[in-house]
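A.B. asks: Sequence first, predicted model second:
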Amino acid sequence: MTTTAPLSRPSATSGTSAPRARQSLTHRAVDGLARWVAPQAFSRRSFLVRAAIVGSVLTIAPLRWALRPTSAYASICGEGASCGGGWTAFCCTINEGANTCPPGSYVAGWWKIDRSPFCQGSARYIVDCNRTPGETCRCRCATGSCDQRRVCCNNFRYGQCNTQVPGVTEVVCRVVICTTPWTWDPACGTTVRTDNRTVTHNAPCLPGTNATAIDLRYQDLGLVGSELGAPTAAEATGPRGGAWRRFENGVITWREAVGTHVLTGAIAREYVELNGPGGALGYPTSEHGSVVGGPGVIATFERGIVIARDGVAAAVFGPAADLFAELGGPAGVLGYPTASTQPVGDGRGGVTRFENGAIYTSGAGAAALFGALLERYEHLGGPADSALGYPVGDTTGMQVRFEHGLLVIVGDQVRVLRGAIARRFLAEGGIDGPWGPPTGDQQDVGVVARAEFASRTVFARPGAAAWALTDPVLRHYLDVGGPGGELGAPTSDSFRTRSGQHRASFEGGAIEVSPVRDEARILTPRSTRSATEVQR
Amino acid sequence: MRLNGHGLSADLPRGWEGTISLDRSDEALTLAGMGGSLRPVAHLATFPLPGGRGDFGSGAVELMRTEDVFVALVEYAEEEADTPLFARQGMPRHLDPRRFSNRSLQRGIAGQVGWQVFFTEAGRAFCLYVVLGDGEDVHLLVRKVEQVLTDVRIEPRS
């Protein structure tokens, strides 16, 4: 076995990169302390590294560090950090930074350390990874910067974990966690064993005493050995006092009220794409769970959900999320989302597409559209270009309301009504009223809108009311040119006079039809009548 | 000197001291509330036992002289009894000096040797951990340990 000599202090004449007088107070203080850490030539990077090390040391053991001739690295690693100290090294020191049992070892037991500064004052747990029977490993010293404890030397077992494995083998290394071992690994039993004498034990690859909740969650997951992989960004602050951090394959978020949450894979990528906790989803309120009754995984957030299937994730958020849940989620009528909620071109709302439909959201709320009706709506140009606006209210019937119109399902056709005609149609009872369903789409005749129904035709000039004409007035009206003729648009419905005449008023006059002889009289305003016309 | 507690008892010869304790600290009780199982541990030694020592003797074994021995009898939750790790029936009262090794220690300390065995007795799961202060004098020190183990009793849990 070999041991590595502790780092020696540099001589008093060791140079620094800048004269003391030109350095900031902080720089001088850190340099003054850090000069004891490592004798290498200074650089900005090494300054930052040494500043972090000294900061950690001053946090955990300021008095001891100041009074005793020990290196900062030794203080970081705690007592018994040399190979001769007889303790076993931490796994992250020998396992490429992974806080996990290395191949050929298994979780064999654990002990707790009370009120650990490395776990924000709560219990810390040291988990032994023992050599798996049948595997081989060589007793040696770790070669960490200061964690130079033993590897695979101490034939000892705490014994709470994997008790289906008989016997005692060497402890390869030690994993550190801040959560109870029996929840961390169900193979571990609950018998509590304690060794507070190991309270200072640590390694540079483990979080220090200033660790955040995110740091500790990452540690418990295994650091770089976790599914998250390595960090890709520093921990960032989030809204409302929270925080989050990105990793190669996921994120960890934290809020005081709900603690940490871990997201990985496609769900995490979509969450990052949507700007994390500062985006539309807010903070996660759950971690990955299986979709009930279907494939894929789902995570819930303050303002929505993300579902991933076959490696592709889609986020549903805002009012769309509430309606999606109301409609049964992925097991409901809409099925799985096929794309994340995204803004509509008019900037007033959003759309979320699903296997069997879409949800449109606007200030008027959220509404789901399905099948032929959705297809017609989007073919017409959707909220931005159809002139219908966004769907409102119940969209499950045969007539679906929009901000500026209606789509009506008639057989296998979807008919369009807009503006005053749509409003009048609804006022008359819609498809269940006396008008019956529309027999065609609303058309524009010049500037006058016209819609056909089973028993009448309805006209409306922009900004004016809609009027319904029936035969025989309608027939004669059309004979004289309809809205494009001299009469212009109707200004009343067809009706029967007291004398039994069929009559309707128009912008340019009136039509009166005798029910007996089917003769129509075109009545024009007095100022335009000739001497032969009937005076009324 | 007689020790008795938590279904364990031991008669200690002159020159020995020991404790049978159950961690009832606030931290332990908190863990018990989270599903943790609190089980007693007996420490028997031929030297003064310091406070705050670990369940397997850290903090104490560092104080051992070459003629000293340290014994920890550590109980585990009942459900561990008779599992493969605890398959051995009964605590060994006679020890094989050849089994002691300077590698069989929780913490390797120069000169010391140790040995560890898991077993089930009276339906209870235990680990017996023995540290001898001098690996050069194993036979004599083992006899010293056996003298105490003979009088250790484990009662079934009521």
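C.D. replies: Ah, there it is.
A.B. asks: isn't A:F301 right next to A:G282, touching?
C.D. replies: Yes - A:F301 lies in contact with A:G282 (CB atoms under 8 Å); the separation is 5.5 Å. The C-beta positions use only the backbone N, C-alpha and C, and glycine is treated the same way.
A.B. asks: Between the two, tell me which one has more neighbours.
C.D. replies: Using other CB atoms under 10 Å in any protein chain shown, the more surrounded residue of A:F301 and A:G282 is A:F301, with 26 against 21.
A.B. asks: residue contacts, that one?
C.D. replies: Going by CB atoms under 8 Å, 6 or more residues apart in numbering or on different chains, A:F301 touches A:271, A:281-285, A:317.
A.B. asks: export the residues you listed to CSV and tack on secondary structure and distance to A:E326?
C.D. replies: As requested, the contacts of A:F301 are exported to CSV (DSSP: H, G, I helix; E, B strand; the rest coil; distance: CB to CB, whole Å):
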residue, secondary structure, distance to A:E326
A:Y271, helix, 23
A:L281, coil, 19
A:G282, coil, 19
A:Y283, coil, 22
A:P284, strand, 21
A:T285, coil, 18
A:F317, strand, 15
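A.B. asks: which other residues reach stretch A:487-506?
C.D. replies: Contacts for stretch A:487-506 (CB under 8 Å, 6+ apart): A:448, A:456, A:459-461, A:464, A:467-470, A:472-474, A:477, A:480-481, A:483, A:507-515, A:522.
A.B. asks: Equivalent analysis for stretch A:334-351, please.
C.D. replies: Contact partners of stretch A:334-351, identified using CB under 8 Å, 6+ apart, comprise A:270, A:274, A:280, A:294, A:296, A:304, A:307, A:309, A:313-318, A:320-321, A:324, A:327-328, A:330, A:352-363, A:368, A:370, A:382-384, A:390.
A.B. asks: In strands only, show me those.
C.D. replies: A:304, A:307, A:309, A:313-317, A:352-354, A:357-362, A:368, A:370 (DSSP state E).
A.B. asks: Pull the number of nearby residues for A:L374.
C.D. replies: Quick note: A:L374 (other CB under 10 Å) scores 23 neighbours.
A.B. asks: Can you verify it is assigned to a helix?
C.D. replies: Yes - with DSSP: H, G, I helix; E, B strand; the rest coil as the criterion, A:L374 is part of a helix.
A.B. asks: returning to what we had before: among the contacts of A:F301, which one lies nearest to B:S158?
C.D. replies: The closest of these to B:S158 turns out to be A:T285 (CB to CB; 45.9 Å).
A.B. asks: On the three-state scheme, the spatially closest residue to that closest one that is not a sequence neighbour is what?
C.D. replies: Among residues not flanking A:T285 along the chain, A:T300 sits closest, at 4.9 Å (CB to CB, 6 or more residues apart in numbering or on different chains). With three-state DSSP as the basis, A:T300 sits in strand.
A.B. asks: A:G509 versus A:T300, what's the distance?
C.D. replies: 65 Å (CB to CB, to the nearest Å).
A.B. asks: And the nearest residue to A:T237 once chain neighbours are set aside, its phi and psi?
C.D. replies: Leaving aside its chain neighbours, A:T237 sits nearest to A:A243 (5.5 Å; criterion: CB to CB, 6+ apart). Backbone torsions of A:A243, given as degrees, to the nearest 10, read phi -160, psi 160.
A.B. asks: what's the distance between A:A243 and A:V224?
C.D. replies: Distance from A:A243 to A:V224, by CB to CB: 20 Å.
A.B. asks: Kindly report the same for A:I305.
C.D. replies: From A:I305 to A:V224 the distance is 30 Å (CB to CB).
A.B. asks: ditto for A:C152
C.D. replies: Distance from A:C152 to A:V224, by CB to CB: 21 Å.
A.B. asks: now the end-to-end length of stretch A:179-189.
C.D. replies: 14 Å (CA to CA, to the nearest Å).
A.B. asks: Give me the mean pLDDT for stretch B:87-103.
C.D. replies: For stretch B:87-103, mean pLDDT is 97.
A.B. asks: Contacts for it, please.
C.D. replies: When contacts are defined by CB under 8 Å, 6+ apart, stretch B:87-103 is touched by residues A:139, A:153-155, A:166, A:170, B:73, B:108, B:111-115, B:117-121, B:126, B:128, B:130, B:132, B:135, B:138-139, B:142, B:145-146, B:149-150, B:152, B:154.
A.B. asks: switch the cut-off to 7 Å
C.D. replies: With contact meaning CB atoms under 7 Å, 6 or more residues apart in numbering or on different chains, stretch B:87-103 is reached by A:153-155, A:166, B:108, B:112-115, B:117-121, B:126, B:128, B:130, B:132, B:135, B:138-139, B:142, B:145-146, B:149-150, B:152, B:154.
A.B. asks: quick one: the strands in the stretch 151-300 of chain A?
C.D. replies: In the stretch 151-300 of chain A, the strands defined using DSSP state E, counting those that start in this stretch lie at A:171-177, A:236-237, A:243-247, A:250-255, A:259-264, A:289-290, A:297-301.
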